[in-house]
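Engineer: Okay, sequence plus prediction incoming.
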Amino acid sequence: MEEAKGEEVTLFGFWSSPFVHRVTWALNIKKIKYKYVEEDLCNKSDLLLEHNPVYKKVPVLVYNGKAIAESLIILEFIEETWKENSIMPQDPYEKAIARFWATAAGDGLWQFFITEGKEREEALASVINNFELLEKELIGKNFFGGDRIGYLDISVGWISYGVPIFEEITEFKIITEEKFPLLHAWMEAFSSSEFVKDTLPPREKLSERYRKVREAIIQKKN
Amino acid sequence: MCSNGPVLLDFWESPYGQRVRIALAEKGLEYEYKEEDLFNKSDLLRKSNPVYKKVPVLIHDGKTICESLIIMEYIDEVWSDKVKILPSDPYQRAQARFWADFSNKVCECGQRLWQLKGEGQEAAKKEMIEKLRLFEAELGDKEYFGGDNFGFVDIALVPLTSCFYTYETCANFKIEEAAPKIVAWAKRCMERESVAKSLYEPSKVYDFVCFLKKHFGFE
């Protein structure tokens, strides 16, 4: 790992946050050395609140004493600050597509996970519609970034470990090899990549956390 | 009208569409404007934005770009020889993206403000004031959010200012009392041709919102 231009890079995060994972992967790909600070989300540090007064959330990246919040914004900052091992497409249209899917890809998934009955069916329809379009973005490519992992892979990377957990808990398979062969292959390729595989939280621990969150939400509604 | 120039699918009152109109005007770009009937969306819109089926959509060189802030970045990158909308320093760019994204939260809050009544509306009003005060702190004594240059955050936020009268009338409060610097900034922005030509009279926006309230049963 190279020194980050002699300046300190700090990442404030939480072990299960998919938004934090995005930043971790980008830092890994760019080979940036950084200090990691695990936050207790029930007892947020003064430093975190100082660095992100608007949302008070993780992730926050601090570089040269300056704080950047919001994971996708942090990804673009990392790309623009450390030029090597580029993660963004060069072409403005390709960038626009990547930026669009970075947020749109997950639409409906959380709703699908935390709702039941008709609400869940509607969310599922939206998820399937999006995944069908997202699948087309992988035609002729191993990753959304082409031959190697890029911004969009990093942005939607949480799908590779999150969706199987959602599927297990809701007992419903969304990404099957038959229906989404390219997405299915991408999930395997992404999660086994050298930049990702050692960063994933223990599956049982993560699954348990999501299970509890879902139960609490559904219970509150009923 | 240049046949290979951009085409903008839009709706007159959409603050998101207005952002794109302002950005195109700031860059001095000619384009074809196509007004959508949001109650009877065109096949072109549905095909161009299959995920959200919403305006604005920019069609350029046979390609479609959706989401107003993404369109703005695209415009800045393609027509990079014209006046810059985003700063060049990575940290300044991150800040600009952050506050532009935050202005989306103001818009969502504004919708709740006119859709809800009672406690829900009060909560939305409190939230709106809080958010505008955060913007005010960010603006400080600068002429624009971009400093001396009218830029990304200014373009993202300014369309919402023509909704201020609507918010005030629906929820019975005065934005100038809560965020006077923002109101002053809005007046400065309206002196720019790009803004004046893209925004509508606050009373016209209010009339449209009243129509929406009736149509969707928010009364």
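Structural biologist: Yep, that arrived.
Engineer: contacting residues around residue B:38?
Structural biologist: Neighbouring residues of residue B:38 by CB atoms under 8 Å, 6 or more residues apart in numbering or on different chains: B:11, B:55. Quick note: C-beta positions are derived from backbone N, CA and C, even for glycine.
Engineer: where does it land in three-state SS?
Structural biologist: Secondary structure for residue B:38, judged by DSSP: H, G, I helix; E, B strand; the rest coil, is coil.
Engineer: all strands of the chain, in order?
Structural biologist: Reading this off chain A. In chain A, the segments counted as strands under DSSP state E are A:9-13, A:35-38, A:60-63, A:66-69.
Engineer: nope, chain B
Structural biologist: Secondary structure of chain B (DSSP E): strands located at B:7-10, B:32-35, B:57-60, B:63-66.
Engineer: Dump these to a markdown table, plus distance to residue A:119, mean neighbour count and mean pLDDT.
Structural biologist: Formatted as a markdown table, the strands of chain B follow (distance: least, CB to CB, whole Å; neighbours: other CB atoms under 10 Å in any protein chain shown; pLDDT from 0 to 100):
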| stretch | distance to residue A:119 | mean neighbour count | mean pLDDT |
| --- | --- | --- | --- |
| strand B:7-10 | 30 | 21 | 98 |
| strand B:32-35 | 34 | 14 | 98 |
| strand B:57-60 | 28 | 23 | 98 |
| strand B:63-66 | 25 | 22 | 97 |
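Engineer: quick one: which of the ones you listed is nearest chain A?
Structural biologist: Among the strands of chain B, the nearest to chain A by CB to the nearest CB is strand B:63-66 (4.7 Å).
Engineer: hmm, back to that, right, so the strands of chain A: which one is the most enclosed?
Structural biologist: Most buried of the strands of chain A by mean neighbour count (mean count of other CB atoms under 10 Å in any protein chain shown) is strand A:60-63; its value is a mean of 25.
Engineer: Tell me the strands beside it, with direction?
Structural biologist: Sheet pairing here is set by DSSP bridges, and for strand A:60-63 it gives strand A:9-13 (antiparallel), strand A:66-69 (antiparallel).
Engineer: Let's have these in TSV, adding mean pLDDT and distance to residue B:196.
Structural biologist: Formatted as TSV, the strands paired with strand A:60-63 follow (pLDDT from 0 to 100; distance: least, CB to CB, whole Å):
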stretch	mean pLDDT	distance to residue B:196
strand A:9-13	98	43
strand A:66-69	98	33
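Engineer: Throw those strands into TSV and include distance to residue B:43, thanks.
Structural biologist: Below are these laid out as TSV (distance: least, CB to CB, whole Å):
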stretch	distance to residue B:43
strand A:9-13	45
strand A:66-69	40
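Engineer: quick one: contacts for the residue lying closest to residue A:102 once chain neighbours are set aside?
Structural biologist: Distance criterion CB to CB, 6 or more residues apart in numbering or on different chains; nearest residue to residue A:102, sequence neighbours excluded, is residue A:155 at 3.6 Å. Residue A:155 is in contact with A:22, A:71, A:72, A:75, A:98, A:101, A:102, A:103, A:105, counting by CB under 8 Å, 6+ apart.
Engineer: same question, residue B:104
Structural biologist: By CB under 8 Å, 6+ apart, the contact list for residue B:104 reads B:69, B:156.
Engineer: mind listing what's buried in stretch A:144-161?
Structural biologist: By 16 or more other CB atoms under 10 Å in any protein chain shown, the buried positions in stretch A:144-161 come out as A:144-145, A:149-161.
Engineer: and which of those residues is nearest to residue B:84?
Structural biologist: residue A:151 (21.8 Å; CB to CB).
Engineer: and chain B, which of its residues are near chain A?
Structural biologist: B:50-52, B:61, B:63, B:65-67, B:70-71, B:73-74, B:77-78, B:90-91, B:93-94, B:97-98, B:101-102, B:134 (CB under 8 Å from any CB of the partner chain).
Engineer: is it true that residue A:96 touches residue B:73?
Structural biologist: Yes: in this structure residue A:96 lies within contact range of residue B:73 using CB atoms under 8 Å: 7.2 Å.
Engineer: Who are the contact partners of residue 152?
Structural biologist: You didn't say which chain, so I picked chain A. Per CB under 8 Å, 6+ apart, neighbours of residue A:152: A:97, A:98, A:101, A:102, A:137, A:144, A:145.
Engineer: To clarify, I was referring to chain B.
Structural biologist: Residue B:152 touches B:72, B:76, B:85, B:86, B:87, B:96, B:97, B:100, B:145, B:146, counting by CB under 8 Å, 6+ apart.
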